[in-house]
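give me the fold of what follows.
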Amino acid sequence: MRGVLTGFAVIAVVIGVGYVIGRRKYLGDNGREVLTKLAFHVASPALLFTTLARADLSVILSSRLLITAITTVLAAGAFVAVAAIRRWGVGTGTIGALCSSYVNSGNLGIPIAVYVLGDASLVAPVLLFQQIVVTPIALTVLDLTGPDERKRPMWQMLLTPLRNPVAVGPLSGVAVAATGWTVPGPVMDPLILIGNMSVPAVLLAFGISLRGSALPGRGADRYPVLLSAGIKAAGQPAAAWLLGAWVFGLHGAALLDVVVTSALPAAQNLYTYASRYRVAERLARESILLSTLLSVPALVVIAVLLG
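Numbering: from 1, shown residues only. Below is the predicted model of the structure:
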């Protein structure tokens with residue numbers, strides 16, 4: 001339980017600093033936009049590359065990855081189905097699906113894995129799957145549904161994933177890890193330094209965006225927000241427990257691992273994606289905030305019942 005509280009405390013402090021920065025306007029009127037662009041185009045690709053370039057790709061073959069993949073598809077699919085019925089649009093459907101299924105495996109998942117599960121590498125399957133599969137697919141959908149896409153030739157549309165820095169970063173890192181090549185220090189060290197800006201920039205931008213915002217789940221996007229946060233906080237961990245215990249026969253620490261990681265809240269970098277494409281920004285911001293609040297009691301209950 002200490003790990004849960006520690007992980008959330010770290011994030012809350014940095015977001016709070018961002019809120020103060022936004023309220024005091026220390027970075028001017030465009031501070032959030034600058035931090036978002038910095039994270040999306042520079043820092044996040046560097047962080048993803050350096051992380052995955054040194055990863056053990058054997059975790060891809062683990063049952064944990066398969067459970068992660070299935071629960072991600074189920075959670076995202078549930079939101080997409082409702083979005084299609086309610087005609088919320090592709091942008092809202094994509095961002096909402098991400099907020100319903102994309103867990104905060106980095107800046108929150110790692111400290112919780114260390115303090116609750118005892119091993120930071122246990123979040124690696126989630127991190128790999130999200131960055132190698134989920135992110136490129138989701139951002140490609142957002143790219144292809146943009147207002148200028150119909151004017152572009154087909155061959156450029158097919159190369160869309162290769163034009164997105166957040167997709168290129170992890171894919172390049174996996175390629176390096178697969179070949180076994182060690183990136184020279186003079187190349188890797190600057191990338192690590194730049195990548196270290198990613199998490200603070202994302203959290204600060206998120207904090208700045210909270211200035212003047214209402215409580216989550218009360219605005220015009222309340223139904224998508226409540227749906228995505230409910231799926232994320234309750235639906236996805238419940239699916240992970242059912243699959244882990246009754247399909248894959250997991251128990252003890254292994255079952256605790258998959259349920260805890262699935263119960264992590266939506267990642268803050270999803271707001272960066274929404275801001276970059278200027279679609280469903282309010283949905284992303286409120287869903288992330290609400291799922292983070294709901295995940296505190298959810299993770300405590302899971303730790304008590306399965307720990």
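
buried set for the strand or helix carrying residue 69?
Element membership of residue 69, judged by DSSP states H and E, is helix 63-86. Going by neighbour count (16 or more other CB atoms under 10 Å), the buried part of helix 63-86 is 63-69, 71-72, 74-76, 78-80, 82-83. For every residue, glycine as well, the C-beta is placed using N, CA and C.

do the same with stretch 231-249
Per 16+ other CB under 10 Å, stretch 231-249 contains these buried residues: 231-233, 235-241, 243-244, 248.

for the residue nearest to residue 211 when sequence neighbours are not counted, which residues are in contact?
Distances taken as CB to CB, 6 or more residues apart in numbering place residue 22 nearest to residue 211, at 3.9 Å, with adjacent residues excluded. By CB atoms under 8 Å, 6 or more residues apart in numbering, residue 22 lies in contact with 31-32, 207-211.

if we go to 10 Å?
29, 31-32, 204-212 (CB atoms under 10 Å, 6 or more residues apart in numbering).

before we move on, the earlier item: let me have the buried residues of stretch 231-249 in TSV, extended by distance to residue 101 and secondary structure.
Formatted as TSV, the buried residues of stretch 231-249 follow (distance: CB to CB, whole Å; DSSP: H, G, I helix; E, B strand; the rest coil):
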residue	distance to residue 101	secondary structure
231	7	helix
232	7	helix
233	12	helix
235	9	helix
236	6	helix
237	11	helix
238	13	helix
239	10	helix
240	11	helix
241	16	helix
243	14	helix
244	16	helix
248	19	coil
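
next helix or strand past the helix holding residue 69?
Next in sequence after helix 63-86, counting helices and strands by DSSP H and E, comes helix 90-101.

and that following helix, how far from the chain's centre?
From the chain centre to the centre of helix 90-101 is a distance of 12 Å (CA atoms, centre = their mean, to the nearest Å).

can you dump the C-alpha coordinates of it into PDB?
Below are the C-alpha coordinates for helix 90-101, written out as PDB (Å, rounded to 0.1, in the frame of the first residue of the first chain):
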ATOM      1  CA  VAL A  90     -13.600   9.100 -34.600                       C
ATOM      2  CA  GLY A  91     -11.500  11.500 -32.600                       C
ATOM      3  CA  THR A  92     -13.500  11.200 -29.400                       C
ATOM      4  CA  GLY A  93     -13.800   7.400 -30.000                       C
ATOM      5  CA  THR A  94     -10.000   7.100 -30.300                       C
ATOM      6  CA  ILE A  95      -9.100   9.300 -27.400                       C
ATOM      7  CA  GLY A  96     -11.800   7.700 -25.200                       C
ATOM      8  CA  ALA A  97     -10.700   4.200 -26.100                       C
ATOM      9  CA  LEU A  98      -7.100   5.100 -25.100                       C
ATOM     10  CA  CYS A  99      -8.300   6.600 -21.800                       C
ATOM     11  CA  SER A 100     -10.300   3.400 -21.200                       C
ATOM     12  CA  SER A 101      -7.400   1.000 -21.800                       C
END
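
what helix or strand is the closest residue in space to residue 220 that isn't next to it in sequence on?
Distances taken as CB to CB, 6+ apart put residue 282 closest to residue 220, at 7.7 Å, once the chain neighbours are dropped. Following DSSP H and E, one finds residue 282 within helix 281-306.

mind listing what's buried in that helix?
By neighbour count with 16+ other CB under 10 Å, helix 281-306 contains the buried residues 281-292, 294-295, 298-299, 302-303, 306.

count of neighbours near the closest residue in space to residue 62 that isn't next to it in sequence?
The shortest distance from residue 62 to any non-neighbouring residue, by CB to CB, 6+ apart, is to residue 125 (5.7 Å). Burial of residue 125 is recorded as 24 neighbouring residues (other CB atoms under 10 Å).

what do you get for residue 202?
Residues near residue 202, counting by other CB under 10 Å, number 29.

could you do the one 5 residues further on as well?
Neighbouring residues of residue 207 were enumerated by other CB under 10 Å; the total is 25.

contacting residues around it?
Contacts of residue 207 were listed using CB under 10 Å, 6+ apart, and they are 11-23, 32, 35, 268.

now do residue 285
With CB under 10 Å, 6+ apart, residue 285 has these contacts: 99, 206, 209-210, 213, 216, 221, 225, 268, 270-271, 274-275.

touching, residue 141 and residue 93? I think so.
Yes - in this structure, residue 141 is within contact of residue 93 by CB atoms under 10 Å, at 8.9 Å.

where does pLDDT dip in the stretch 101-250 of the chain?
Across the stretch 101-250 of the chain, the ranges flagged by pLDDT under 70 are 106-124, 146-164, 212-219.

let's see 90
Residues of the stretch 101-250 of the chain meeting the criterion pLDDT under 90: 103-175, 177-178, 180-181, 195-222, 249-250.

which strand or helix spans residue 194?
Going by DSSP H and E, residue 194 is in helix 185-195.

and that helix, what other elements does it pack with?
Judged by 3 or more CB pairs under 10 Å, 6 or more residues apart in numbering; DSSP states H and E, helix 185-195 is in contact with helix 44-53, helix 165-179.
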